[in-house]
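Asks: Provided below are the primary sequence and the corresponding predicted coordinates.
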Amino acid sequence: MMLLIDRLNQERHKLSSLGSLLLVFVVFSMAQAIKGPAEMLAQEAMELTTTLIEPLLQPPPKTPPPQIKQPEPRPKMLAVPNAPITPTPIEPVREITASAAATATAESPRPLPAPTPSAPVVAAPVQEPPKIPPQPPVSVNLENNYIAIVRATLNANKRYPTGREASLQRPSGKVKLWFVLARNGALQDAGIDESSNSIILDNAALSTLRRTTYAPWPEGSWASQSQHKFTVTLDFVPLN
């Protein structure tokens, strides 16, 4: 029985010794595990501190001193022997009195008034001059006037036909005649262009042409012609 108790005690001492060794091993392992990261953290902190402090400890860069521009040497004046020295005239200092200052102040130009904006000038519309029709040449006017005179003369010499047949038939109508005049107004030829459908009226119109005396052509009319053809219409109306 005693042996058993002694044996149990020995076993218990062994177990307690093993537990103590195991605890020491665990503590040692934990210490080693904590020591590694702590050293790494301390090393990184030292590197960071060194990085931040080094720029502050370096001396500031030296700036070069400003360059001073040397004045350009002036050309030396050559001394001319026996040359007269002309003294530089010195203007006298003018004293400005109170009255002169007041006069200058009074004569100072007054500021001009600001120009007032004027109304915009509207340009008037440009009116084109009336177009004058071109005037016909003088020769054309002379020719037209001569034709009008000839027609007026024929109408003034026109006579309604007389006789038994004209009194019975009492015809009326217009006869268009053509006739040729020389430059001196002489009748060269004549004929009927449009009949009145009455032989009595046609013959009366031809008789009017042959018995009429015509004036010579005016100077400058139908310059390249020796004779000219004219037309005229005679209107016959029976007498009451």
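Replies: Happy to help now that I have it.
Asks: Just say helix, strand or coil for Ser196.
Replies: coil (DSSP: H, G, I helix; E, B strand; the rest coil).
Asks: Which neighbouring residues are in contact with the closest residue to it other than its chain neighbours, exactly?
Replies: Distances taken as CB to CB, 6 or more residues apart in numbering place Gly173 nearest to Ser196, at 3.4 Å, with adjacent residues excluded. In short, each C-beta sits where N, CA and C put it, glycine included. Contacts for Gly173 (CB atoms under 8 Å, 6 or more residues apart in numbering) come out as 196-198, 201, 235-236.
Asks: what's the closest of these to Pro130?
Replies: Asp235 (38.9 Å; CB to CB).
Asks: Am I right that the closest one is in a strand?
Replies: Yes. Per three-state DSSP, Asp235 lies within a strand segment.
Asks: quick one on the thing from earlier: for the contacts of Gly173, work out which two are farthest apart.
Replies: Asn197 and Asp235 (13.8 Å).
Asks: which one of these two has more residues nearby?
Replies: Taking other CB atoms under 10 Å, Asn197 and Asp235 do not tie; Asp235 has more neighbours (13 against 10).
Asks: Just say helix, strand or coil for the nearest residue to the more buried one once chain neighbours are set aside.
Replies: Counting by CB to CB, 6+ apart, Asp235 lies nearest to Lys174, which is 4.8 Å off, once chain neighbours are set aside. Following three-state DSSP, the label given to Lys174 is strand.
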